[in-house]
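Trainee: Here you go, sequence then predicted model.
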Amino acid sequence: MRVATDIGGTFTDLVYVDDGGKMGIAKSHTTPPNFERGVMNVLDESEINLDQLNTFIHGTTVIINALTERKGVKTGLITTKGFRDVLEIARGNRPDLFNVRYEKPTPFVPRHLRQEVEERLTYKGEVIEPLNKERVKEIVDYFKKENVQAVAVSFLHSYSNDTHEKETVELVKELWPEVAVTASHEVTKEWREYERTSTTVLNSYVKPIASSYVDRLENELKEAGTESNKYIMQSNGGTTTFDQSKQTPINMLESGPVAGIYGSAILGKMLGEDNIIAFDIGGTTAKCSLIDKGEVKVSTDYSIERTDRTAGYPVKVPVVDIVEIGNGGGSIAWIDDGGSLRVGPKSAGALPGPVAYGRGGEEPTTTDANLVVGRLSPANFDNDVDMEKVKQAITEKIAKPFSTTVEEAALGIIRIANSNMLNALKLISVRKGYDPREFTLVAFGGGGSMHAPALAKELGVNKVIVPVGASVFSAWGMLMTDLRHDYIQTYIRRVEGIDFSELNMQLEVQETQAVAQYKDEGVEEEDVILTRFADLRYLGQEHTVKVPVPAGEITEESMKQVIEKFHETHEQLYTFKLKGAPTEIVNLHLTAFGTVQKPELAKLPATEGTAEDALKEVRSVLYEEDGWVDTKVYDRTKLGAEVTIEGPAIVEEQSNSTVLYPGQQLTVDSYGNLIIEVGV
Amino acid sequence: MSNQIIAPKVDPFTLDIVKDSLVAIGEEMFYALARTSMSPIIYEVLDYASGLTDSKGQLLTQGNGVTGFIGMLSFMVKETVERYNKSGDLKPGDIILINDPYGGGGSHLCDVGLVMPIFYKGELVAFSANKAHWTEVGGKDAGSMSTNSTEIYQEGLQFPCVKLYDEGKLNQAVVDIIAANVRFPDLSLGDMWAQVAALKTGDRRFRELCDKYGKDIVKNSIDHLLDHGEQLSLKALKELPKGTFEAVDYIDDDGIEEGPFKVQLKLEIRDDAFICDFRGSHPQVTGSINSTLTGMISSVRTIFLAITNPSQDVNDGAFRPLKILTDEGSVFNAVRPAPVSMYWESMLFGCDLVWKALAPVIPDRLTAGHLLSVCVAIVGGKHQDTDEPFLIVEPSVGGWGAAVDRDGDPAQFCILDGETFNIPVEVCETRNGVLVDEYSLNTDGAGAGEFRGGQGVIRSYRAMTDNQFVTASFGRHKFNVWGAEGGKEGSNNKFEIVKSDGSVDGPFGKYNQYPLMKNEVVRLITATGGGYGNPLDRPVEKVVLDVKNEYITVEQAKADYGVVIDPVTLEVQGITAEREEKERV
């Protein structure tokens, strides 16, 4: 049996699949600060037999919380002489262009804990100045005196030669075995000193937190009597072992959200769809990601706390490419100073929540609007919804200023919210040169299926899939993951006249490292799948395009194909290519999957019944183009396989509602997924 | 008008949706260019802007890397309309090339603009435009910027609103002329192709929008968008204190004549207007620091937004209440053939005079003064390994002023930059024939105050080959950055050359083509921002922490803040009589 547990803000979700392919879910409250309690509670709740558990996969917000709440440990930084202020100078950018009171993010390490040591390399990794070990000793003494609990080491050009960093780490460990240490090359081998230093510092800052959390969880699991393999979900869409996760916890930041994206890819593969747009609407945000021919896109252009108003802190580790916007069920509708209707990014959150929750919320939200137009039913809420209050909020705050009806205003809120989400969906598809007609939308999270059919129509997507258990889909995604490590090495070489033997040697170094790491983690070489990429650009450009590199020895001929692919991709992304212009490699990127046995999902038993058996009610629902329409509402749990429903219709389940538009058709597939033909 | 919703002809939500789509198009055009550019000044510094205007040249949406370009697109388009469309010879597929500062270009010759008319069903409906800093446009010095030019003809190629594409057909002659006249044609032309691609994206997206909503609704939304911008500004103006405010300042010099040059502002804020009268400021000068009127307007627009509504998506409607008065032939409104390549050294004063005049009046919006120069450094020569020529052209970060409630930010680009990124040392050393000896905060202790000014930086380039050169223009060199409400002055921008024997030449504020031999070092040093409030009011524990962090020395703690600290243990030994006196009151 495989079990996945996913810690979210409010709930800790659990999804399991037993050896017969039967799937089950459970939910329990999240229990800060002892998050492992919530995990054990949800395991109890699920009533699964821990003896039969052979794989335990875990996603957690513990690390991202420790960062955003500044609950990490006191961290000291050792840098190359002349560069301790790199962390504070950062990149000098001011995203909030016209705000002269912009506040630059404060570094995680104050200046007196950033100490310099004599050592210097050239960009090629040649030593100009040897490491001054005496100075390292002095720094360690100083850090001890200052009660530092974690040390970060980041030297210039360490991506091309990590010797000085390694020597420094060894010395620190020797002098001070109990302190947590991270060297920059252990978390990223890409150039750009600020980004690499920032990543290293953040890893050190949370390392002791991660160790203690993972250890506590492991002990609890052991005491509960399970001998299962234990994995932690990472931001790159794969898992890693508990041990590795304690070394580089910075890889766990986005573990929850990416699991849903990865799950969408897996589900697509099961259903024969390899071009997928994964779309997840939660309470405060909507997230989307594009999966091209089965490949989940990963990049290292990630930051925490970065918005269009502030620079945030870069974390240069592989993270699944996700576009996230402040539009969820709890997003607040408001009118700006210029008289325009806006939705989000401010959210009513879980508390007070939408007006409908009856917990004191007074600002109208997307959820409230969906109630007014009949897309959500008051009967499907945990509490008694005071519809008068909901309508009043929308009337006062929105309808009156626009001199319109409460229904039109509610529909306006939904249309603006959809427009925001549509822009995000376009950003990952049309604007990257993809044709949405070739994609299938997988909609999940609390609100995904309510908005997806409308958005798919606007975007031009033909098919929408609403998976089984859409509200715990991230945990399901975790169940289906393999182990994954990414090895990215900055390796700047012009393609013209490249030294193939050196290149092949470099590729081999990465592959050997991957196989060795998996061996340490108990994965056999035959279960390791290696895929190579190169980040390429035209000589003179800065930004790169990632293209696949074939396995085996790279020759003049295979390199030609790589470059051909680069031209093509560049043209797709940016509408033009420069045939004949010299090209350059910037990074070599190896992804290594440690594949594991995954469960086969059981199919729904075939039923004799029709959709009418699942009919709950007929109610009036307001549609953008058709106005109020009497709409049949179905209970999802009662829908059998192969049943077909014609829109307009609504399919309800606990904490989820799928809105089918006139002209759209929905079929329940043999696993219980809802498949919607959008009719574009 | 402000609390009443504008009543448009179609439903208001559709207009908002189209309006938001226009803004999204602007963003898309912007990122496309950054991702494909060949020049660090574009892809890292983001020294460019792109956007859409209506058919008359009113700015609808602009993706910005630098604030200083705000509004410049409109002037390019207006020049294009003036030049071509009166006679109707603007056709679908045309793309116009323009950089003439005196004819719609605005800043300096390096900033090259492209304009593309957008037609829908035969009707001119909008323009797609962008403007980007090319590393090279020819002229007497590499980088096309000089501190000693005396005529614009020395500063590079001028593109006076000519067609690069005529109905979709490339004008190869123009390309050939560029290729023959610039020092790094691959860079310059590479950037030009990237700009063309971004324009076409804007054109395509705009027409898709017309396909979806119909031309009339889109045009309606454009009016709605512009009115929306105006409403936001008017509402903000209502909340500002009314009256007349004045400021005076001095520009260092112009690279040739000694200076200083006096500049001044009389500002009047009314309920419906924000009038900046710069008349009486110094006449245009011999050297290259002159600003054209377009540049000046962009500069003032930047601070106008900072004061009224920094968070909005900008369009020309927002600027309807803004009026700017200058004397023709002044340093703020120069006339041909005055050189302009270092134009920001005067342009920034347009912004700063407003800032300085209003800082005491609206402390919730404005801080004490900041480094006030783009501090551009140009370093060129040969790479030590490849023997290929390299050219660094980059602005510098420096200190910002403290505010009523917090210390100033250290190491940020000046206000006319923005989403501008410094070049990583590792990237710099790979591309260029230099070694960076140091990139650190300039902890000179200036800008003392209850809240301190943020620090500038020191960035040192060591030449790795012989016969390199450095040109730099670091304004705010002869006068320090201003403090506010009793806060002390910050420091000044400067650079100096360290010879192989250790002797130092400088400091300088401007220098054209200083020769560097192998192992000689240029140290680029930027100013600390102004302080805010009396330093004696800074809490003792903060002063101690400043000493511990080596932002200030023990001596400065005593002299400026009145706190006596043991230099070894960092324990507080007492406070000075002056501070005691201040605390008693």
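Mentor: Structure received. This one's a predicted model, so the numbers in the text were calculated from it and none came from an experiment.
Trainee: and the closest residue to chain A within the stretch 451-585 of chain B, backbone torsions?
Mentor: Nearest residue of the stretch 451-585 of chain B to chain A, counting by CB to the nearest CB: B:N549, 3.9 Å away. In short, each C-beta sits where N, CA and C put it, glycine included. With angles defined as degrees, to the nearest 10, B:N549 sits at phi -80, psi 0.
Trainee: Quick one: residues contacting it.
Mentor: Listed by CB atoms under 8 Å, 6 or more residues apart in numbering or on different chains, the contact set of B:N549 reads A:P110, A:R111, A:H112.
Trainee: who wins for most neighbours among the residues you listed?
Mentor: A:R111 (22 neighbours; other CB atoms under 10 Å in any protein chain shown).
Trainee: give me every residue that touches the residue of the stretch 151-300 of chain B found nearest chain A.
Mentor: The stretch 151-300 of chain B approaches chain A most closely through B:H228 (3.9 Å), counting by CB to the nearest CB. Listed by CB under 8 Å, 6+ apart, the contact set of B:H228 reads A:G338, A:G339, A:S340, B:I6, B:K19, B:N315, B:G317.
Trainee: Just name the shakiest helix or strand of chain B by mean pLDDT.
Mentor: Using mean pLDDT, DSSP states H and E, helix B:40-43 stands out as the lowest-scoring helix or strand of chain B, at a mean of 65.
Trainee: after it comes which helix or strand?
Mentor: Next along the chain after helix B:40-43, taking DSSP states H and E as the criterion, comes strand B:48-54.
Trainee: Show me what that next one is packed up against.
Mentor: helix B:12-36, strand B:59-64, helix B:72-80, strand B:123-133, helix B:185-213 (3 or more CB pairs under 8 Å, 6 or more residues apart in numbering or on different chains; DSSP states H and E).
Trainee: picking that back up, mind checking the SS state of the residue of the stretch 151-300 of chain B closest to chain A?
Mentor: helix (DSSP: H, G, I helix; E, B strand; the rest coil).
Trainee: what's across from the spatially closest residue to B:E571 that is not a sequence neighbour in the sheet?
Mentor: Closest residue to B:E571 apart from its sequence neighbours, by CB to CB, 6 or more residues apart in numbering or on different chains: B:I565 at 7.1 Å. Beta-bridge pairing for B:I565 (DSSP bridges): B:V572.
Trainee: Contacts only, for B:I565.
Mentor: Here B:I565 is in contact with B:V543, B:V544, B:V547, B:V554, B:A557, B:K558, B:E571, B:V572, B:Q573 (CB under 8 Å, 6+ apart).
Trainee: quick one on the thing from earlier: and the residue of the stretch 151-300 of chain B closest to chain A, how close does it get to B:D16?
Mentor: 9 Å (CB to CB, to the nearest Å).
Trainee: Can you work out which residues contact both of those two?
Mentor: Common neighbours of B:H228 and B:D16 (CB under 8 Å, 6+ apart) are A:S340.
Trainee: The stretch 551-680 of chain A against chain B: which residues are in contact?
Mentor: For the stretch 551-680 of chain A, the residues found near chain B under the criterion CB under 8 Å from any CB of the partner chain are A:H570, A:L573, A:Y574, A:T575, A:F576, A:L578, A:A581.
Trainee: Only C-alpha atoms, please: export the helix or strand hosting the first one in CSV.
Mentor: A:H570 is located in helix A:556-574, with elements delineated by DSSP H and E. Output in CSV follows, covering the C-alpha atoms of helix A:556-574 (Å, rounded to 0.1, in the frame of the first residue of the first chain):
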residue,chain,number,x,y,z
GLU,A,556,29.0,16.6,-34.3
GLU,A,557,25.9,15.0,-35.8
SER,A,558,23.8,14.8,-32.6
MET,A,559,24.9,18.3,-31.6
LYS,A,560,23.5,19.5,-34.9
GLN,A,561,20.1,18.1,-33.9
VAL,A,562,20.3,19.7,-30.5
ILE,A,563,21.0,23.1,-32.2
GLU,A,564,18.2,22.5,-34.7
LYS,A,565,15.8,21.9,-31.8
PHE,A,566,17.1,25.1,-30.1
HIS,A,567,16.3,27.2,-33.2
GLU,A,568,12.8,25.7,-33.3
THR,A,569,12.1,26.2,-29.6
HIS,A,570,13.4,29.7,-29.7
GLU,A,571,11.1,30.5,-32.6
GLN,A,572,8.1,28.9,-30.8
LEU,A,573,8.8,30.9,-27.7
TYR,A,574,9.8,34.2,-29.1
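Trainee: Please name the nearest non-neighbouring residue to residue 480.
Mentor: With no chain named, the answer covers chain A. Per CB to CB, 6+ apart, closest to A:M480 is A:I266, 4.3 Å.
Trainee: Chain B is the one I meant
Mentor: In space, B:N480 is closest to B:E489, 4.1 Å off (CB to CB, 6+ apart).
Trainee: My read is that that neighbour contacts B:D444, right?
Mentor: No: counting by CB atoms under 8 Å, B:E489 stays clear of B:D444, with 11.3 Å between them.
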